[in-house]
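Asker: Predicted model follows, preceded by the sequence.
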Amino acid sequence: MDLLKSYLTAVKRNLPRKQREDILAELSEELRSQIEDRERELGRPLTDPEQYGVLMQHGDPMVVARRYWPERSRSLAIGWELIGPELFPTYAFVLILNVCITLVTVLVALWVYHVPMAIKPFFLPVGIQMVCVTGIFIVLNMVRRKFTVNFLCGPADLASMMPLQRWYSISGLVFCGVLTLWWLAIPRFQSLVLGPAAGELELSSSVWHRYYLPVLLLFLAGMAQRATTLARPHWNWLLPTSRFVIDGAGAVLMFFFPSHALVVVSQAAADPAQAEKLAATANNWLRWGLFGPWLWIYLAVSSLVYAWYSRPFFRRFLRSRRNRIGRSHAVNGLI
Amino acid sequence: MSNGSQVTSELFENLKLELRRGCLTLAVLTQLRTERYGYTLRKALADDGLEIDEGTLYPLLRRLENQGLLVSQWREEDKRNKRFYRLSPVGEQILEQLLKEWLSINTSLNRIMQEA
């Protein structure tokens, strides 16, 4: 009944707080009755995939929970739904948190730089936060309505049985393929990184030699993972575990990569003094822009998120290993 | 062409949903003249030809209870706690009125269909 417990936990998260326990007890009773009826029909306990079938027939946990909310529960809508009631509490929490952090940051900045206190400096950052958070949640809501990516937000123990959808693997493969082609083309077409300054500047060969191959290998590993999940949608353990490793390794690489001077003056530069200045600007742009701290922070966070998604698969692996060892001990005991 | 048939099918589904919504309430209230718990109620409705999925039934039961038409009680049966529902006195009165209304609509509709 691990799957049932996991499913009910996922439903519980989205139920109205006051009735949560009551609804859950009733839902649990209904599902147990269904499973028992099915077991009586078959004359044996249901296997995990069969239990999964019963639970999936019952519906996506978020959708099931949504039906228990009053029709006029809190949501964001202008004629049509922008953020549904199941996402609204999280949206409100994230928005309030972000706005509070922004207010405190602006306040500290004003104090540190001795800027006279006024309301005006707060408007733009708070406005940007509100627009960005609202935009992200509108997209999330749209994705939830259009597609079901149960694997990423569904019940933990059920995740191991949910096949990955093809559109997910294909879009990842295309994105990763474009990035790999871009990286492969850089040595031949340095303007892909340096832009119009490519004649005056060139990529530092010692730094690029050290990092080029490891980054390329990470891109290729990413492509291989997406191609494999496209061919084998049921191998859904591969996505979180490999993204955990690939993004983690990428975060380490990108942490060290921009600390070197990535661009040097080309020997063919017409005006070496001017090219020096240009190289300093380009290095700054690469260090704080294209390969800036945002990249390794993003990869590290992504790696941690995928580590979180890997948990049920890892637990399942340990459980099956324990069962196998237990069975082999039992056989040895019999012998 | 296929877009047109999709629109028609969506429209039909929406209208069917609207039609079913009222009928389901009436069917559930009628079945709950006898005390039942959710699972047996769903089976009883299905046996009478009215399939209703649990995702619709349980929120409906809760709504009807909040409106005072049903009363419920947690009780142990077969070593498990189950929530039993039945009609409340107000529910009985309203069901009677609703059934009269239903019969009247049904008679009118039959007459209209015969005339057409």
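Answerer: Received it, and whenever you're ready, just let me know what you need.
Asker: Run a quick neighbour tally on A:G177.
Answerer: Per other Cβ atoms under 10 Å in any protein chain shown, the neighbour tally for A:G177 reads 15. Where you see a C-beta, it was placed from the backbone N, CA and C, and this is true even at glycine.
Asker: Please report how far it lies from chain B.
Answerer: Taking Cβ to the nearest Cβ, to the nearest Å as the measure, A:G177 and chain B are separated by 32 Å.
Asker: Where does that residue sit, in terms of helix or strand?
Answerer: helix A:166-185 (DSSP states H and E).
Asker: likewise B:S72?
Answerer: Secondary structure (DSSP H and E) places B:S72 in strand B:70-77.
Asker: low-scoring stretches of the stretch 101-250 of chain A, by residue?
Answerer: A:147-161 (pLDDT under 70).
Asker: Output the set of residues of it in proximity to chain B.
Answerer: Residues of the stretch 101-250 of chain A lying near chain B by Cβ under 8 Å from any Cβ of the partner chain: none.
Asker: And the helices in the stretch 201-335 of chain A?
Answerer: A:205-231, A:238-256, A:272-285, A:293-334 (DSSP state H, counting those that start in this stretch).
Asker: and of these, who's closest to A:F137?
Answerer: Among the helices of the stretch 201-335 of chain A, helix A:293-334 comes nearest to A:F137, with 17.3 Å by Cβ to Cβ.
Asker: Pretty sure A:A10 sits against A:V64.
Answerer: No: the pair A:A10 / A:V64 is not scored as a contact, 9.0 Å apart, by Cβ atoms under 8 Å.
Asker: Distance check, A:T241 against A:W308.
Answerer: 12 Å (Cβ to Cβ, to the nearest Å).
Asker: which of these two has more neighbours?
Answerer: More crowded of A:T241 and A:W308, by other Cβ under 10 Å: A:T241, with 18 against 12.
Asker: Which residues are in contact with the more buried one?
Answerer: Shown in contact with A:T241 (Cβ atoms under 8 Å, 6 or more residues apart in numbering or on different chains): A:306, A:310, A:313-314.
Asker: Flag the least confident of these.
Answerer: Least confident entry in those, by pLDDT: A:F313, with 80.
Asker: For chain B, see how far away A:N14 is.
Answerer: Distance from A:N14 to chain B, by Cβ to the nearest Cβ: 13 Å.
Asker: nearest residue to that residue other than its sequence neighbours?
Answerer: Leaving aside its chain neighbours, A:N14 sits nearest to A:A65 (3.5 Å; criterion: Cβ to Cβ, 6 or more residues apart in numbering or on different chains).
Asker: what does A:E276 give?
Answerer: Nearest to A:E276 is A:V265, by Cβ to Cβ, 6+ apart, at 5.9 Å.
Asker: quick one on the thing from earlier: pick the most deeply packed of the helices of the stretch 201-335 of chain A.
Answerer: Of these, the one with the most neighbours on average (mean count of other Cβ atoms under 10 Å in any protein chain shown) is helix A:238-256, at a mean of 19.
Asker: Next to chain A in this structure, residues from chain B, please.
Answerer: Within chain B, the positions adjacent to chain A are B:37-39, B:42, B:53-56, B:58-59, B:62, B:74, B:80-83 by Cβ under 8 Å from any Cβ.
Asker: among these, which ones are buried?
Answerer: Buried residues within those, counting neighbours by 16 or more other Cβ atoms under 10 Å in any protein chain shown: B:37-39, B:42, B:54-56, B:58-59, B:62, B:82-83.
Asker: Of these, which belong to strands?
Answerer: Counting by DSSP state E, those place B:37, B:82-83 in strands.
Asker: How many residues are close by the closest residue to A:P233 other than its chain neighbours?
Answerer: Closest residue to A:P233 apart from its sequence neighbours, by Cβ to Cβ, 6+ apart: A:P163 at 4.0 Å. Neighbours of A:P163 under the rule other Cβ under 10 Å: 13.
Asker: So A:P163, which state does it fall into?
Answerer: Applying DSSP: H, G, I helix; E, B strand; the rest coil to A:P163 yields a three-state assignment of coil.
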